[in-house]
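What follows is a predicted structure for the sequence shown.
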Amino acid sequence: MKRIAVLTSGGDAPGMNVAIRAVVRTGLDKGWDVFGVRYGYVGLIADNMVPLGARDVGGIIHQGGTVLQSSRCPEFMTEEGRLKALRTLNQHEIDALVVIGGNGSQAGAHALSQMDYPVIGVASTIDNDLYGSEISLGVDTALNIALEAIDRLKVTASSHERAFLVEVMGRDCGYLALMSGIAGGAETIIVPEIETDPETVAEQLRDAYRRGKTHALIVVAEGAHYNANRLAHFFEEHFGRLGFEMRVTVLGHTQRGGIPSAFDRLLGTRLAAAATDLLAQGEHGILMGLVKDEIVATPLTEVVANKKQLDPYLMKLAKVLAK
Ligand code: F6P
């Protein structure tokens, strides 16, 4: 191993810069040359690569986003696109690639590794939907951002005895909603994994007021069938019967833009350092993730073949705690 490249792909996540920094500095420490690919797979296809030295990754540990930039790249889903990417890697005599990203990015990493190119993934997505890592890089920061918003909304909800709907990101996964809902003391949590009937939601809110609550807070995942807009619309349409007006806050991309938490800085550093260590040992075709507080390598074939599940115990617990 002499030359490696690193890229960030898909939705950015707080802590990606930490991981880039650790790949570069641990790679240099091994005597390798390290290159950064700009704009994820788009840059790999377009041959957009820069050499990275230790100083190039200085002062970024506390910055959200990714200094390498990121993108979504439909062309990489085609064989033609991947062949172009391989050509770039071969032209620059790059021996291995580190891919920092979530589900789509690791599916791309898997496809490259199926073409016999050495790739290692670093689990990074705020959605926390990536099999092979209990917590992906960026999740902790995103959760804390959602939580701060929920705490603030609860204050104003209580002052006016209002019902609030807060929509969090997560694509098709309810993890962010479930965890921020539990940590924020939500009355109801709505996730895509469990079908939710708006009449039941209305009943839960009525019940919360009957039990003497001064606010009603619903945390809903963006991927749920009844997302914030649909629910609000339902409550508006049936206002006469249900008697609730909903205030809606969609947190959206604010959850992606945060300063990485201490947890994410340490996680990103550990995941990336383990990636270069394993590359040095000749390992590849794997994803670095956190399992039971250990950095664990899972074959990319396993990562792409499995769907991460929400913890049913926590779903039940959330209901008990909302009483
Ligand atoms: O995968 C991360 C994520 O933020 C999802 O939670 C969200 O659905 C999606 O990306 C938004 O993608 P984009 O930034 O491309 O609009």
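Right, received. Where do you want to start?

For the residue of the stretch 201-323 of the chain found nearest the ligand, grab phi and psi.
In the stretch 201-323 of the chain, the residue found nearest to the ligand is Arg256; the distance is 5.5 Å by Cβ to the nearest ligand atom. For glycine as for every other residue, the C-beta is placed from the backbone atoms N, C-alpha and C. With angles defined as degrees, to the nearest 10, Arg256 sits at phi -90, psi -20.

And for it, the neighbour number?
Burial of Arg256 is recorded as 20 neighbouring residues (other Cβ atoms under 10 Å).

Can you show me the CA trace of stretch 316-323 as CSV?
The C-alpha trace of stretch 316-323 is given here as CSV (Å, rounded to 0.1, in the frame of the first residue of the first chain):
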residue,chain,number,x,y,z
LYS,A,316,-42.8,0.5,23.9
LEU,A,317,-40.8,2.4,26.5
ALA,A,318,-41.5,5.7,24.8
LYS,A,319,-45.3,5.1,25.2
VAL,A,320,-44.9,4.3,28.9
LEU,A,321,-42.7,7.3,29.5
ALA,A,322,-45.2,9.6,27.9
LYS,A,323,-47.8,8.9,30.5
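
Other residues contacting that stretch?
Outside stretch 316-323, the residues that touch it by Cβ atoms under 8 Å, 6 or more residues apart in numbering are 178, 181-182, 185-189, 204, 208, 211.

Most neighbours of all those residues, which one?
Among the contacts of stretch 316-323, the one with the most neighbours (other Cβ under 10 Å) is Gly181, at 31 neighbours.

Where does that one sit, in terms of helix or strand?
Using DSSP states H and E, Gly181 falls within helix 175-184.

Would you mark the buried spots in that helix?
175-182, 184 (16 or more other Cβ atoms under 10 Å).

ok, now stretch 267-278?
267-276, 278.

With stretch 204-214 instead?
Buried, per 16+ other Cβ under 10 Å, within stretch 204-214: 204-205, 208-209, 213.

before we move on, back to that, closest to the ligand out of the buried residues of helix 175-184?
The shortest gap between the ligand and any of the buried residues of helix 175-184 belongs to Leu176, at 7.6 Å (Cβ to the nearest ligand atom).

The closest one: what's it in contact with?
Leu176 makes contact with 126-128, 139, 142-143, 146, 168-170, 221, 255, according to Cβ under 8 Å, 6+ apart.

separation between Asp12 and the ligand?
Applying Cβ to the nearest ligand atom, to the nearest Å, the value for Asp12 to the ligand is 8 Å.

Pretty sure Pro239 sits against Glu245.
That one is not Pro; residue 239 is Phe. Yes: contact between Phe239 and Glu245 holds when scored by Cβ atoms under 8 Å: they sit 6.7 Å apart.

Which residues of the stretch 101-250 of the chain lie near the ligand?
Applying Cβ under 6 Å from any ligand atom, we find that the stretch 101-250 of the chain lies next to the ligand at 102, 125-127, 169-171, 222.

can you do 5 Å?
127, 169, 171 (Cβ under 5 Å from any ligand atom).

The residue of the chain most remote from its centre: which element?
Here the chain reaches farthest from its C-alpha mean at Gly240, the gap being 39.5 Å by Cα atoms, centre = their mean. Element membership of Gly240, judged by DSSP H and E, is helix 239-242.

From the contact counts, what lies against that helix?
The helices and strands touching helix 239-242, judged by 3 or more Cβ pairs under 8 Å, 6 or more residues apart in numbering; DSSP states H and E, number zero.

which parts of it are buried?
Quick answer for helix 239-242 (16+ other Cβ under 10 Å): Leu242.

residues contacting Ala54?
Ala54 touches 24-25, 28, counting by Cβ under 8 Å, 6+ apart.

can you pull out the strands in the stretch 51-200 of the chain?
96-101, 119-123, 163-168, 188-190 (DSSP state E, counting those that start in this stretch).

Make CSV out of the ones you listed and add mean pLDDT.
Below are these laid out as CSV (pLDDT from 0 to 100):
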stretch, mean pLDDT
strand 96-101, 98
strand 119-123, 98
strand 163-168, 95
strand 188-190, 95
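
Now for Pro299, how many residues are close by?
14.

State whether it and Met288 are indeed in contact, as I suppose.
No: assessed by Cβ under 8 Å, Pro299 is found out of contact with Met288, at 11.7 Å.

coming back round to it: using JSON lines, lay out the strands of the stretch 51-200 of the chain together with distance to Gly40.
What follows is the strands of the stretch 51-200 of the chain, written out as JSON lines (distance: least, Cβ to Cβ, whole Å):
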{"stretch": "strand 96-101", "distance to Gly40": "7"}
{"stretch": "strand 119-123", "distance to Gly40": "13"}
{"stretch": "strand 163-168", "distance to Gly40": "24"}
{"stretch": "strand 188-190", "distance to Gly40": "32"}
